[in-house]
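Visitor: Return a 3D structure for these sequence lines:
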Amino acid sequence: GPHPRLVCYMGQSEDAEGCRLLLTEYAKLGSLRRALLGTLAGQVTRGHQMSMMQQIAQGMLAARHVLVMGFDKEDVGRTSVKVAGFGR
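Guide: Numbering: from 1, shown residues only. You can find the predicted model right below:
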């Protein structure tokens, strides 16, 4: 049977140029990148800007320095992250 963590493959076709198209189940929330980055990028950016203004952060921010403070699987907009990396 289908695995719960794999998209259900339903078939394939070709477009007018001969490029293969895959038909899968519909993901109403879209990609992980769209769901998480779109929502969380603003929170990360604001936290990093503040740490730079307070001169407690230096340079680039790595994902390992972003902590998830709250996660709502039903509404990613209610997920909360905070910047924690202040070193190099």
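
Visitor: Could you confirm R5 falls within a helix?
Guide: No. Using DSSP: H, G, I helix; E, B strand; the rest coil, the assignment for R5 is coil, not a helix.

Visitor: Give me the next element, helix or strand, following the worst-scoring helix or strand of the chain on mean pLDDT.
Guide: The helix or strand of the chain with the lowest confidence, counting by mean pLDDT, DSSP states H and E, is helix 32 at a mean of 69. Remark: after helix 32, the chain's next helix or strand is helix 38-53, criterion DSSP states H and E.

Visitor: Give me the mean pLDDT for the helix or strand that comes right after that next one.
Guide: The first helix or strand that comes after helix 38-53 along the chain, using DSSP H and E, is strand 66-70. If you average the pLDDT over strand 66-70, you get 84.

Visitor: What residues of whatever helix or strand comes next after strand 66-70 count as buried?
Guide: Counting by DSSP H and E, the next helix or strand C-terminal to strand 66-70 is strand 80-83. For strand 80-83, the neighbour count (16 or more other Cβ atoms under 10 Å) marks 81, 83 as buried. Every C-beta, even on glycine, is put in place using the N, C-alpha and C of the backbone.

Visitor: Alpha carbons of strand 80-83, as CSV, please.
Guide: Coordinates of each C-alpha in strand 80-83 appear next as CSV, following Å, rounded to 0.1, in the frame of the first residue of the first chain:
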residue,chain,number,x,y,z
SER,A,80,7.1,30.9,16.0
VAL,A,81,10.9,31.0,15.6
LYS,A,82,13.6,33.0,17.3
VAL,A,83,17.2,33.8,16.4
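
Visitor: need the contact list for M52.
Guide: M52 makes no contacts at all, as judged by Cβ atoms under 8 Å, 6 or more residues apart in numbering.

Visitor: How confident was the prediction at it?
Guide: Note on M52: pLDDT of 80.

Visitor: I'd like the distance from it to G18, if you could.
Guide: 50 Å (Cβ to Cβ, to the nearest Å).
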